[in-house]
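Colleague: attaching a predicted model along with its sequence, questions to come.
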Amino acid sequence: MPSLNVSERPGDEFEIDPVTLIAAYKAERAGGPRVIGCYHTHPSGSVIPSKRDAAAAEPGSLWLILGGGDARLWRARPGGFDEEALNAE
(Lines give C-alpha, C1' and ligand atoms only; values in the text may rest on other atoms or scores of the structure.)
Protein backbone atom coordinates (compact mmCIF):
# COMPACT_ATOMS: atom_id res chain seq x y z
CA MET A 1 0.00 0.00 0.00
CA PRO A 2 1.56 3.34 -0.98
CA SER A 3 2.33 5.84 1.77
CA LEU A 4 3.36 9.45 1.95
CA ASN A 5 6.77 10.25 3.35
CA VAL A 6 5.91 12.37 6.39
CA SER A 7 9.50 12.98 7.46
CA GLU A 8 10.45 16.57 8.24
CA ARG A 9 13.46 15.95 5.95
CA PRO A 10 12.00 13.89 3.07
CA GLY A 11 15.10 14.39 0.93
CA ASP A 12 17.27 12.70 3.56
CA GLU A 13 15.03 10.17 5.28
CA PHE A 14 11.64 8.55 5.15
CA GLU A 15 8.91 8.06 7.67
CA ILE A 16 5.82 6.08 6.78
CA ASP A 17 2.61 8.02 7.32
CA PRO A 18 1.23 6.54 10.57
CA VAL A 19 -2.35 6.84 9.25
CA THR A 20 -1.43 4.58 6.31
CA LEU A 21 0.45 2.13 8.53
CA ILE A 22 -2.44 1.83 10.99
CA ALA A 23 -4.85 1.33 8.07
CA ALA A 24 -2.63 -1.48 6.73
CA TYR A 25 -2.62 -3.26 10.11
CA LYS A 26 -6.39 -2.82 10.48
CA ALA A 27 -6.91 -4.28 7.01
CA GLU A 28 -4.64 -7.21 7.93
CA ARG A 29 -6.68 -7.93 11.08
CA ALA A 30 -9.85 -7.83 8.98
CA GLY A 31 -8.53 -10.58 6.71
CA GLY A 32 -6.65 -8.44 4.19
CA PRO A 33 -3.06 -8.81 3.03
CA ARG A 34 -0.45 -9.47 5.71
CA VAL A 35 1.98 -6.61 6.42
CA ILE A 36 5.45 -8.11 5.92
CA GLY A 37 7.61 -5.03 5.49
CA CYS A 38 8.10 -1.88 3.49
CA TYR A 39 9.91 -0.47 0.51
CA HIS A 40 11.55 2.86 -0.16
CA THR A 41 14.16 4.47 -2.35
CA HIS A 42 17.63 5.72 -1.59
CA PRO A 43 17.99 8.62 -4.03
CA SER A 44 21.79 8.49 -3.70
CA GLY A 45 21.67 5.10 -5.44
CA SER A 46 22.88 2.96 -2.55
CA VAL A 47 20.64 -0.04 -1.92
CA ILE A 48 22.37 -0.83 1.39
CA PRO A 49 20.24 -0.15 4.49
CA SER A 50 21.25 2.99 6.36
CA LYS A 51 21.74 3.36 10.10
CA ARG A 52 18.34 5.09 10.17
CA ASP A 53 16.82 2.07 8.43
CA ALA A 54 18.31 -0.25 11.05
CA ALA A 55 16.99 1.91 13.88
CA ALA A 56 13.46 1.95 12.43
CA ALA A 57 13.16 -1.68 11.31
CA GLU A 58 11.12 -4.18 13.26
CA PRO A 59 13.09 -7.45 13.54
CA GLY A 60 11.80 -9.99 11.04
CA SER A 61 10.32 -7.41 8.69
CA LEU A 62 11.34 -7.20 5.05
CA TRP A 63 12.78 -4.03 3.55
CA LEU A 64 12.99 -3.57 -0.21
CA ILE A 65 15.36 -0.75 -1.07
CA LEU A 66 15.49 0.72 -4.57
CA GLY A 67 18.23 2.98 -5.92
CA GLY A 68 20.51 3.54 -8.87
CA GLY A 69 18.48 1.18 -11.07
CA ASP A 70 18.92 -1.68 -8.60
CA ALA A 71 16.74 -3.33 -5.97
CA ARG A 72 17.77 -5.42 -2.95
CA LEU A 73 15.70 -7.14 -0.33
CA TRP A 74 16.68 -7.23 3.35
CA ARG A 75 15.31 -8.91 6.48
CA ALA A 76 15.70 -6.86 9.65
CA ARG A 77 17.32 -8.45 12.67
CA PRO A 78 18.43 -6.90 15.95
CA GLY A 79 21.34 -4.63 15.12
CA GLY A 80 21.10 -4.82 11.33
CA PHE A 81 19.88 -6.66 8.25
CA ASP A 82 20.51 -9.87 6.35
CA GLU A 83 20.14 -9.85 2.59
CA GLU A 84 17.35 -12.01 1.17
CA ALA A 85 17.05 -13.49 -2.31
CA LEU A 86 15.01 -11.29 -4.60
CA ASN A 87 13.20 -12.98 -7.45
CA ALA A 88 12.55 -10.32 -10.11
CA GLU A 89 9.50 -12.20 -11.38
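Modeller: Right, received. Where do you want to start? Predicted model only: the values in this text are computed from it and were never measured. Residues are numbered from 1 along each chain as shown.
Colleague: what are the buried residues along stretch 76-89?
Modeller: Within stretch 76-89, the residues that qualify as buried by neighbour count (16 or more other C-beta atoms under 10 Å) are 76, 81. Where C-beta positions appear, they are placed from N, C-alpha and C, glycine not excepted.
Colleague: got it, and stretch 23-38?
Modeller: By neighbour count on 16+ other C-beta under 10 Å, the buried set for stretch 23-38 is 24, 35, 37-38.
Colleague: now, the most widely separated pair of the residues you listed?
Modeller: The most widely separated members of the buried residues of stretch 23-38, counting by C-beta to C-beta, are Ala24 and Gly37 (11.0 Å).
Colleague: find the nearest non-adjacent residue to Gly67, please.
Modeller: His42 (3.9 Å; C-beta to C-beta, 6 or more residues apart in numbering).
Colleague: scratch that, Pro43 is what I was asking about
Modeller: Gly67 (6.9 Å).
Colleague: need the contact list for the one you found.
Modeller: Residues in contact with Gly67 (C-beta atoms under 8 Å, 6 or more residues apart in numbering) are 41-47.
Colleague: and stretch 33-52, average pLDDT?
Modeller: Mean per-residue pLDDT for stretch 33-52: 88.
Colleague: if you could redo that for stretch 58-71, that was the one I meant.
Modeller: Averaging the model's pLDDT scores along stretch 58-71 yields 92.
Colleague: against which helices or strands is the longest helix anywhere in the chain packed?
Modeller: What stands out as the longest helix in the chain, according to DSSP state H, is helix 18-29. Of the remaining helices and strands, none touches helix 18-29 by 3 or more C-beta pairs under 8 Å, 6 or more residues apart in numbering; DSSP states H and E.
Colleague: by neighbour count, which of the contacts of Gly67 wins?
Modeller: Val47 (19 neighbours; other C-beta atoms under 10 Å).
Colleague: make sure it is indeed in a strand.
Modeller: No - per DSSP: H, G, I helix; E, B strand; the rest coil, Val47 lies outside any strand segment and is coil.
Colleague: contacting residues around it?
Modeller: So Val47 contacts 65-68, 70-72 (C-beta under 8 Å, 6+ apart).
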